[in-house]
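Enquirer: Quick one: sequence and predicted model below, then my questions.
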Amino acid sequence: MLLKTNITNESTRRRDMVKKYNYLFLTLIAFFFSSMSYSQNNVIVHDPVIIKQDSTYYIFCTGWGVSVFSSKDMKSWKNEQPVFAKGPQWATDSIPSFAGHIWAPDISFYNGEYYLYYSVSAFGKNTSCIGLATNKTLDPKDPAFSWIDHGKVIQSIPGKTNWNAIDPNLVIDETGTPYLCFGSFWDGIKMVKLSPDAKSVDEDIRLIPTIASRKADPNMENPPAVEGNPVDAGGNAIEAPFIFRKGAYYYLFASIDYCCKGINSTYKMIVGRSEKVTGPYVDQAGVPMIKGGGTIVLQGDDNWHGVGHNAVATFDGIDYLVFHAYDAHDDGKPKLRIEKLEWNKEGWPLVVSN
């Protein structure tokens, strides 16, 4: 028994040492590249969101510690230091396989602060959590700049929740009430009411509704995973929600089909809308998103494959669609795309390629 305990302790020590050196190595790499600038066509990202403070635009995206880019013109981008130099300890405690790579952040200005929700997860499983960090400013040169981590907001657990706590998006309704929209595969896109400070859940998570799915019948079993994909995730291929208010409607954008396969990615963006933030969301043909509806906003072409995981933002009266796409002419690398978004006479979004 003593030998077994010693072996277990040594294995744990080695694992912790590997994580420590990974953090150190990745911090050095981030520091080395932090002074470099890239044209938009060369910015490699997954799951980008965008915000503007004063005269500077910031992109937050999936990466070690949450990757950050800044720009004065949305064309030339500088790599900034990540949000976290080391992965939060609570995340390691909750997700044993977590090593510091943080997914799908969401950035908003709310309650006088910048709110950054982020995802930690085991790949292909709903062993997942959404965390929250806040900052008074996004300018690293400001003396007030400091990310304060508030820890876990919501967690999904295999066998207990038929949803996946990743891909968060904060949305505020017309009364000022905050909601968190999130989800990937399993039962689809979920929405939960938050506390007034938006730092915790304010309703029974056993009762939170699904607001979008690829299943035609919400009561049907989750379809099986397609070949080559994680079995546990199933085949209800919808994720990455983002809600944008325009006029009288809330527009729910989401990504369907499959990312992360380079030039073989089939990601595409869909949208539906509702007069209430909680739904029901319906597409242009009147099909509810809870029953597989969703009007295509953008899909891949000969140059860009697997376009998706989008955000929408308004700067100087112009709406923009921000997303990643796999470059068919550069080994399928995921690149940053920013396109103008216009609206037809019926109030549906149209992408205007630059």
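Expert: Sure, I can see it. Because the structure is a prediction, the values reported are computed rather than measured.
Enquirer: Share the number of residues neighbouring Ala240, please.
Expert: Close neighbours of Ala240, defined as other CB atoms under 10 Å, add up to 26. The way it works is simple: take the backbone N, C-alpha and C, and place the C-beta from them, glycine included.
Enquirer: got it, and the one 4 residues further on?
Expert: As a burial measure, Phe244 scores 22 neighbours (other CB under 10 Å).
Enquirer: Would you mind listing the buried residues in the helix or strand encompassing it?
Expert: Applying DSSP states H and E as the criterion places Phe244 in strand 238-246. For strand 238-246, a neighbour-count test (16 or more other CB atoms under 10 Å) marks Ile238, Glu239, Ala240, Pro241, Phe242, Ile243, Phe244, Lys246 as buried.
Enquirer: how much space between the last one and Asn310?
Expert: The gap separating Lys246 from Asn310 is 14 Å, by CB to CB, to the nearest Å.
Enquirer: quick one: average confidence on the strand holding Phe244?
Expert: Strand 238-246 shows a mean pLDDT of 98.
Enquirer: after that strand, next one along is what?
Expert: strand 249-256.
Enquirer: How far does that following strand sit from its chain's centre?
Expert: 13 Å (CA atoms, centre = their mean, to the nearest Å).
Enquirer: by how many degrees do it and strand 238-246 diverge?
Expert: Relative orientation of strand 249-256 versus strand 238-246 (axes from the mean of the first three to the mean of the last three CA atoms, to 10 degrees): 160 degrees.
Enquirer: picking that back up, okay, the buried residues of strand 238-246 in JSON lines with distance to Asp187 next?
Expert: Converted to JSON lines, those look like this (distance: CB to CB, whole Å):
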{"residue": "Ile238", "distance to Asp187": "10"}
{"residue": "Glu239", "distance to Asp187": "12"}
{"residue": "Ala240", "distance to Asp187": "15"}
{"residue": "Pro241", "distance to Asp187": "13"}
{"residue": "Phe242", "distance to Asp187": "19"}
{"residue": "Ile243", "distance to Asp187": "18"}
{"residue": "Phe244", "distance to Asp187": "23"}
{"residue": "Lys246", "distance to Asp187": "27"}
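Enquirer: Closest one of those residues to Ser184?
Expert: Proximity of those to Ser184 (CB to CB) peaks at Glu239, which lies at 3.6 Å.
Enquirer: if I read this right, the closest one contacts Asp167, doesn't it?
Expert: Yes. Between Glu239 and Asp167 there is a contact at 5.4 Å, judged by CB atoms under 8 Å.
Enquirer: Listing request: residues of this protein with sub-threshold pLDDT.
Expert: For the chain, applying pLDDT under 70 flags the ranges 1-41, 354.
Enquirer: mind redoing it with 50?
Expert: 1-8, 12, 18, 20, 23-35 (pLDDT under 50).
Enquirer: report the longest strand in it, please.
Expert: strand 304-315 (DSSP state E).
Enquirer: So which elements touch that one?
Expert: Using 3 or more CB pairs under 8 Å, 6 or more residues apart in numbering; DSSP states H and E as the contact test, the elements touching strand 304-315 are strand 49-53, strand 238-246, strand 249-256, strand 268-274, strand 295-299, strand 318-327, strand 334-343.
Enquirer: anything in contact with each of Glu239 and Asp167?
Expert: Common neighbours of Glu239 and Asp167, using CB atoms under 8 Å, 6 or more residues apart in numbering, are Gly183, Ser184, His309.
Enquirer: And these, which is closest to Lys72?
Expert: The nearest one, if we look at the shared contacts of Glu239 and Asp167 relative to Lys72 and count by CB to CB, is His309, at 24.6 Å.
Enquirer: Next one: that closest one from Val43, what distance?
Expert: Going from His309 to Val43 by CB to CB gives 14 Å.
Enquirer: Which of the two has more residues huddled nearby?
Expert: A direct count of neighbours by other CB under 10 Å for His309 and Val43 places His309 higher, at 31 against 24.
Enquirer: I'd like to know which of the helices and strands packed on strand 304-315 lies nearest to Ser97.
Expert: The nearest among those, by CB to CB, is strand 238-246 at 19.7 Å.
Enquirer: helices or strands next to the closest one in the packing?
Expert: By 3+ CB pairs under 8 Å, 6+ apart, strand 238-246 packs against strand 169-172, strand 178-182, strand 189-193, strand 210-212, strand 249-256, strand 304-315.
Enquirer: List the buried residues for the last one?
Expert: The one in question is strand 304-315. Trp304, His305, Gly306, Val307, Gly308, His309, Asn310, Ala311, Val312, Ala313.
Enquirer: got the contact list for Trp304?
Expert: By CB under 8 Å, 6+ apart, the residues touching Trp304 are Ala325, Tyr326, Asp327, Ala328, Lys335, Arg337.
Enquirer: Closest one of the shared contacts of Glu239 and Asp167 to Leu132?
Expert: Gly183 (17.0 Å).
Enquirer: That closest one reaches Thr161, doesn't it?
Expert: No. Applying CB under 8 Å, one finds Gly183 not in contact with Thr161, separated by 10.8 Å.
Enquirer: quick one: which of these two has more around it?
Expert: Taking other CB under 10 Å, Gly183 and Thr161 do not tie; Gly183 has more neighbours (30 against 19).
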